[in-house]
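S.K.: Everything below, folded, please.
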Amino acid sequence: MTVLKNVQQELARFRLRLVVAGLFVLFCFGLLLARLIFLQVIQHDRMMDRAESNRITVVPIVPNRGLIKDRNGVVLASNYSAYTLEITPSKVGDLEATIDALAQVVEIQPRDRKRLKRLMAESKSFESLPIRTKLSDAEVARFTAQRFRFPGVEIKARLFRSYPLGEVGAHLLGYIGRINQAEKKAMEDWEEEDQANYRGTEYIGKLGLEQAYERELHGITGFEQMETSAGGRAVRRLAHRPPTPGNTLVLSIDIRLQALVEELYKDRRGALVAIDPRNGEVLAFVSKPTFDPNLFVDGIDVENWRELNENLDKPLLNRALRGTYPPGSTYKPFMAMAALDSGKRSASFVVMDNLTFNFGGRTFGSPESDRPGPKDMRAAIVSSSNVYFYSLANEMGVDLIHDELKPFGFGRKTEIDLLGEVTGDLPSTDWKRKRFKKPEQQKWYAGETISLGIGQGYNNFTMLQLASAMSTMVSSGARYKPRLVREIEDVVKHEQRRIASDALPPLPLKPEHSAVIRNAMHGVTVEGTSRLVFAGAGYQSGGKTGTAQAVGLKAGERYKDIKADERKRDHSLYIAFAPIDAPTIALAVIVENAGFGSTSAAPIARRVFDYLLMGQYPSEEDIALTQQGKSTAPVGKPRLAAEIPLPGSPAEAASAASAASAASAAPSPATLAASAPKPNTRLERPAAASAASATIPPPRPPASGASR
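M.R.: Take a look at the predicted model:
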């Protein structure tokens, strides 16, 4: 059967299909054209930027961190370059297997694995993390030959911080460490310019001057603009801006003096702060025991961290800045000045000292070595009469004591150029209301005032506060914020910027009142409790010993019942200044749980004065006796301070000595006292970061024990 086709109908269908197909093709070409116009015209600038970013890589170049030097040019913190073996976890399939294979090429110890795990917990997976640092040339060569086996693993050259003198001055220098997540979060609030300056930076100052002067020490990050292939390989450098090294900090500290004081402490606990009262410059800033900041540079291992953190002696606690103590009898000269200034007593007012003071049915006693008799203000300070100052505290009352002594800096921060300073406690009725929560604890009882007169009770201050107050006292009321950095050097412009200690409004101390206190404190060194220590000194000085209770005695308990426990024994304190007529040094020193101030603290102060005023360094025999708390006046033949090598390896000592001799403008210890302050410009400190709080000992209720 023949089927007849409708040719016209077939042609019509074909033409329809052809038109539809043509329209579809035109539509597709229209879409392509529209997309092309969108990308090439509308999105041209954006696409160009993306293309350039794919072709060009900007690599940040971390600057050299600034040096830290002492006043004589001795380098205390420097940098060195070393190779590190680094892993990018996101580029490694089996991390453990990769590390095991790497261990066959270079030495990888268990502590290296632990450090990597800790860093991985603190970092992002695409960041490059060190598995080994400070590779030898042989290890670098072995890995390079087998690098093809380890995708995601590479060798980099990094700068490491070095503290050549080890433990010396660790608390004032601080240390640097890897930026953690909390610090990265805090950086998000920085200005964009500051954030950009830290791109590529992995380490930041953690404590001490390294933290307080982070912005000065860091420098300005540079960059390299590199053209790369599609595979990411660098082809050529298009642009380059070298990094600007960080500035150099020149301290007011004399590191030889610092090392001497730390040696005199040996294994004992305590703190010493020495200040130039003419300008507020800190000459020594000691906290013992100390630690080696080099342990933290590469990431401290678990064993060392546990040893430092769990040590009962608390070597990580900066006792000079954060350790608070009752001042004991070192408080008495300030109480005497408060009495003169407020008009409560004249210098000639006499109190009959019968060795006991009765108040409210309670007896407040004196040391067994005290002698009874009538005592005016000078005699009370020289003999350290407790009864005189018990009665004075009772007459003044807690609020007047607070108001008179607060201007000396007690109970508030000195605003030294370090972070983490504590305020201490200068009690008042208002202070107690705010300090305690229970109503019965908030009330101030009259009996609590008595112990304040001898520096006990709720009084708790830092050695920095005591030294600063001593500086104000002997400078006839001139006040400065203590400062550790005296100069900042711009290593690029070769310019020095002098840093002045901020002068505070002076206290209106009457010259005749200051003369009374200074004369009495001089009497302490020639006829009082520190006369044996300062016998034969080539200068005149003033001082005051103090013996402060570390723990309060319970009812019916005697000191001899608890002194078998070394950590419950009294603290040994001493405050001093010299020379007597024109003081250039004021200091405060404490040796924890060491007994009377004249046996342990005062001998250290004598050696400090001998160093600064006479250029003398004690003999080995004398150092050994002082370390044991068995010295008075120096024994043996003193040595020239400038000839004593610094601690550390012979190479380090020779290098440091060479640096010191090269500093032509640096004063010697003997001439330090003659240097006059110069007008300076003010440096604005970077924003403060919080520091861990630890003070010793905590505030205690009033005690009736002896204080000398």
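S.K.: pLDDT-wise, which helix or strand of the protein ranks last?
M.R.: Taking mean pLDDT, DSSP states H and E as the measure, the chain has helix 650-662 as its least confident helix or strand, at a mean of 42.
S.K.: Where does residue 336 sit: helix, strand or coil?
M.R.: Secondary structure state of residue 336, per DSSP: H, G, I helix; E, B strand; the rest coil, is helix.
S.K.: looking at it, it is touching residue 384, isn't it?
M.R.: No: using CB atoms under 8 Å, residue 336 is not in contact with residue 384; the gap is 11.6 Å. Heads up, the C-betas are built off the backbone N, CA and C, glycines and all.
S.K.: So if I had to pick from the two, which one is more boxed in?
M.R.: Using other CB atoms under 10 Å as the criterion, residue 336 and residue 384 rank with residue 384 on top: 29 against 24.
S.K.: and the closest residue to residue 299 other than its chain neighbours, how many neighbours?
M.R.: Leaving out its chain neighbours, the residue that sits closest to residue 299 by CB to CB, 6 or more residues apart in numbering is residue 115, at 4.8 Å. As a burial measure, residue 115 scores 22 neighbours (other CB under 10 Å).
S.K.: so what's residue 115 up against?
M.R.: 130, 299, 301 (CB atoms under 8 Å, 6 or more residues apart in numbering).
S.K.: these two touch, right, the last one and residue 112?
M.R.: No: shown here, residue 301 and residue 112 do not form a contact pair, counting by CB under 8 Å, at 9.0 Å.
S.K.: These two - which one has more neighbours?
M.R.: residue 112 (21 against 17).
S.K.: Next up, the contacts around the more buried one.
M.R.: Contacts here follow CB under 8 Å, 6+ apart; on that basis residue 112 touches 131, 132.
S.K.: What strand or helix carries it?
M.R.: Residue 112 belongs to helix 110-122 when assigned by DSSP states H and E.
S.K.: cool, residue 631 as well?
M.R.: Applying DSSP H and E, one finds residue 631 in no helix or strand.
S.K.: Contact partners for the residue nearest to residue 128 when sequence neighbours are not counted?
M.R.: For residue 128, ignoring the flanking residues on the chain, the nearest one in space by CB to CB, 6+ apart is residue 86 at 4.5 Å. The contact partners of residue 86, by CB under 8 Å, 6+ apart, come to 128, 129, 130, 131, 153, 154, 155, 156.
S.K.: does residue 86 sit in a helix, a strand or a coil?
M.R.: strand.
S.K.: Who is it paired with across the strands?
M.R.: Residues in a beta bridge with residue 86, per DSSP bridges, are residue 130, residue 154.
S.K.: in the protein, which ranges drop under the pLDDT threshold?
M.R.: 1-5, 47-58, 122-127, 226-237, 551-564, 648-708 (pLDDT under 70).
S.K.: Have a look at it and report its longest helix.
M.R.: Across the chain, the longest stretch assigned as helix under DSSP state H is helix 7-37.
S.K.: surely residue 526 meets residue 536?
M.R.: No: with contact defined as CB under 8 Å, residue 526 does not count as touching residue 536 (11.4 Å).
S.K.: Please identify the helix or strand for residue 273.
M.R.: Taking DSSP H and E as the criterion, residue 273 maps to strand 270-275.
S.K.: Give me the distance between the residue nearest to residue 128 and residue 360.
M.R.: Using CB to CB, to the nearest Å, residue 86 is found at 70 Å from residue 360.
S.K.: now the nearest residue to residue 540 once chain neighbours are set aside: how far from residue 544?
M.R.: Leaving aside its chain neighbours, residue 540 sits nearest to residue 580 (4.0 Å; criterion: CB to CB, 6+ apart). From residue 580 across to residue 544, the span is 14 Å (CB to CB).
S.K.: buried sites along stretch 400-408?
M.R.: 400, 401, 402, 404, 405, 407, 408 (16 or more other CB atoms under 10 Å).
S.K.: before we move on, what about stretch 309-329?
M.R.: 314-329.
S.K.: And it, how far out from the chain middle?
M.R.: How far stretch 309-329 lies from its chain's middle: 13 Å, per CA atoms, centre = their mean, to the nearest Å.
S.K.: cool, and stretch 601-619?
M.R.: Centre-to-centre, stretch 601-619 and its host chain are 25 Å apart (CA atoms, centre = their mean).
S.K.: got it, and stretch 303-313?
M.R.: Per CA atoms, centre = their mean, the displacement of stretch 303-313 from the mean C-alpha position of its chain is 19 Å.
S.K.: and what of stretch 542-553?
M.R.: What separates the centre of stretch 542-553 from the centre of its chain is 26 Å, taken as CA atoms, centre = their mean.
S.K.: buried ones in it?
M.R.: In stretch 542-553, counting by 16+ other CB under 10 Å, buried: 542, 543, 544, 545, 546, 547, 548, 549, 550, 551, 552.
S.K.: how about the helices in the stretch 501-650 of the chain?
M.R.: Assigned by DSSP state H, counting those that start in this stretch, the helices in the stretch 501-650 of the chain fall at 511-526, 559-562, 601-614, 620-627, 650-662.
S.K.: surely residue 258 meets residue 170?
M.R.: No: between residue 258 and residue 170 there is no contact under CB under 8 Å: 10.3 Å.
S.K.: Show me which of these two is the more surrounded one.
M.R.: Ranked by neighbour count (other CB under 10 Å), residue 258 and residue 170 place residue 170 first, with 27 against 24.
S.K.: Would you quantify the distance from that one to residue 282?
M.R.: Computed as CB to CB, the residue 170 to residue 282 distance reads 16 Å.
S.K.: Would you mark the buried spots in the helix holding residue 112?
M.R.: For helix 110-122, a neighbour-count test (16+ other CB under 10 Å) marks 112, 115, 116, 118, 119 as buried.
S.K.: so how far is it from its chain's centroid?
M.R.: Chain-centre distance of helix 110-122: 27 Å, with CA atoms, centre = their mean.
S.K.: chain center to stretch 74-94, what's the gap?
M.R.: Distance of stretch 74-94 from the chain centroid (CA atoms, centre = their mean) equals 25 Å.
S.K.: and it, which residues are buried?
M.R.: Buried residues in stretch 74-94 (16+ other CB under 10 Å): 74, 75, 76, 77, 78, 83, 84, 85, 86, 87, 89, 92.
S.K.: can you tell me which of the buried residues of stretch 309-329 are in helices?
M.R.: Judged by DSSP H, these include 319, 320, 321, 322 as members of helices.
S.K.: which SSE is the closest residue to residue 513 other than its chain neighbours in?
M.R.: Excluding its sequence neighbours, the residue lying closest to residue 513 (CB to CB, 6+ apart) is residue 340, at 4.3 Å. Using DSSP H and E, residue 340 falls within helix 332-342.
S.K.: show me where the stretch 51-200 of the chain has helices.
M.R.: 95-102, 110-122, 137-145, 170-173, 181-187, 192-197.
S.K.: Out of the ones you listed, which gets nearest to residue 498?
M.R.: helix 170-173 (19.7 Å; CB to CB).
S.K.: if we look at the closest one, which residues are touching it?
M.R.: Residues outside helix 170-173 that contact it (CB under 8 Å, 6+ apart): 68, 76-77, 163, 207-210, 251, 253, 285-287, 290-293, 318-321, 418, 484.
S.K.: Between helix 332-342 and the strand or helix carrying residue 403, find me the angle.
M.R.: Using DSSP H and E, residue 403 falls within helix 398-405. Interaxial angle, helix 398-405 versus helix 332-342 (axes from the mean of the first three to the mean of the last three CA atoms, to 10 degrees): 100 degrees.
S.K.: Show me what helix 398-405 is packed against.
M.R.: If you count contacts as 3 or more CB pairs under 8 Å, 6 or more residues apart in numbering; DSSP states H and E, helix 398-405 packs onto helix 332-342, helix 429-435, helix 446-450.
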